[in-house]
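Colleague: No sequence on hand, only this structure:
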């Protein structure tokens, strides 16, 4: 918004949600000279799914902690480098694994690496395999994965029974690991086109514990403090109206907050999670959202991934190990991914060692997805600690292995302002639905002069190529800011 396009009145923009999408949108608008901006956040702190909590000797990440594609092609990496935050990197991009079975065997590292790579290649090539092999009925990643496993079983038919069990166990572990990356109950819920739509950025996946809350604070620095209202849940968004302010100005949108406040706006950027939209979209918007957008919200995939932090007085693991893998020799990918809440710990495929010890203490973190991830939110720390101790004693064969002195479980599913973790393309959705969700309202009919850009949508679930990531969320917020900037620069 430069001087030659200066407006009589700065448009009033309300941004719902102070996650990285909302903060990214606000920052770009502020830099372009928009002065009448208000971010309203339901919780008591900004960040959305970026959040740190005290644990052990430091603060751990409840949500985002990885940069997916650590290179200058990633806007998160760029910003982190610009703000001098990259020195916080820990864990190499080529971590050291130690994989145990439930029969107390420690598997050969080369063997497990080979099997993990096999599982990953099948899934990442799923859409191509479905075409090449003529899997005409394939809808899900599981359809393709299990077809390939059946073929592998025939190839392995003459091998030692124990070796075959270990191979299938590692494939099952990898399957659960992929479910965590996709925040899903099982690969049967994920479209065969997920990895076709999702675009990887050049560079490794890097573990930057503690980086994202720091980066968010840096992004908030250019936004005036009074422009961010916390503990301000939204009850309803009234759009396509004509609402009069105290000075007689008319606005097309009114945001009604739970505390009774009404905020008028020319434009609203909605950055709430897809989980919240699924739960509240029928009551949140008046008039109702167009049928096509409602259909996209209802059918797109969104699930839960939780972290289980365990602090120990002393480490029982090898100091060189970064990741502990857990392989059940009585499991195969063919046995399915049905929820097993009674033995929820079976859904934890890997446990990460936190580095450096000087900063965090002796801390492990397990990850879990699906119904089991939702279920553990209802358990006490003592129950989680007891079950994890039994699990680790079973796999290591060490009955005297110590219990953790402290446990912390994230609770993204029961958080009413997230209702889960992140999105994926489900078997009932397509990449086109992500684009549909991102389309602003109202939809302008051909030949009409309907006011445009009243309600805009951002957040990781609105970015077709980078859904489920922080860089996707950031870019989506900047995309909607650009939409408004372009709208006024061409007037």
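Modeller: Perfect, thanks for sending it. Please read these numbers as outputs of a predicted model, since none were measured by experiment.

Colleague: buried sites along stretch 11-18?
Modeller: Buried residues in stretch 11-18, counting neighbours by 16 or more other C-beta atoms under 10 Å, are found at 11-18. The C-beta positions use only the backbone N, C-alpha and C, and glycine is treated the same way.

Colleague: Please narrow the residues you listed to those residing in helices.
Modeller: Under the assignment DSSP state H, the buried residues of stretch 11-18 contribute nothing to helices.

Colleague: Quick check: end-to-end length of stretch 86-96?
Modeller: One end of stretch 86-96 sits 21 Å from the other (C-alpha to C-alpha, to the nearest Å).

Colleague: Out of the buried residues of stretch 11-18, flag the one nearest to residue 430.
Modeller: Lowest distance from residue 430 to the buried residues of stretch 11-18 (C-beta to C-beta) belongs to residue 17, with 25.1 Å.

Colleague: pLDDT at the nearest residue to residue 244 once chain neighbours are set aside, what is it?
Modeller: Spatial nearest neighbour of residue 244, chain neighbours left out: residue 250 (5.7 Å); criterion: C-beta to C-beta, 6 or more residues apart in numbering. We have a pLDDT of 96 for residue 250.

Colleague: Check which residues of the helix or strand bottoming out on mean pLDDT in the chain are buried.
Modeller: Counting by mean pLDDT, DSSP states H and E, the chain has its least confident helix or strand at strand 205-207, which shows a mean of 88. Applying a neighbour-count criterion of 16+ other C-beta under 10 Å, one finds 206-207 buried in strand 205-207.

Colleague: name the helices or strands packed onto it?
Modeller: Packing partners of strand 205-207 (3 or more C-beta pairs under 8 Å, 6 or more residues apart in numbering; DSSP states H and E): strand 66-68.

Colleague: Can you give the domain ranges for this protein?
Modeller: For the chain, automatic domain parsing gives the domain ranges 3-53+209-301+419-489, 94-203+305-409.

Colleague: Turn these into a markdown table, including distance to residue 74.
Modeller: Shown next, in a markdown table, are those (distance: least, C-beta to C-beta, whole Å):
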| stretch | distance to residue 74 |
| --- | --- |
| domain 3-53+209-301+419-489 | 5 |
| domain 94-203+305-409 | 5 |
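
Colleague: With respect to residue 85, which of the ones you listed lies nearest?
Modeller: domain 3-53+209-301+419-489 (5.4 Å).

Colleague: if we can go back for a sec, is it possible to export the buried residues of stretch 11-18 to TSV including distance to residue 463 and pLDDT?
Modeller: Putting the buried residues of stretch 11-18 into TSV (distance: C-beta to C-beta, whole Å; pLDDT from 0 to 100) gives the following:
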residue	distance to residue 463	pLDDT
11	24	96
12	26	97
13	20	98
14	21	98
15	17	99
16	17	98
17	15	98
18	18	98
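
Colleague: gap between residue 418 and residue 316?
Modeller: As for residue 418, its distance to residue 316 is 34 Å (criterion: C-beta to C-beta, to the nearest Å).
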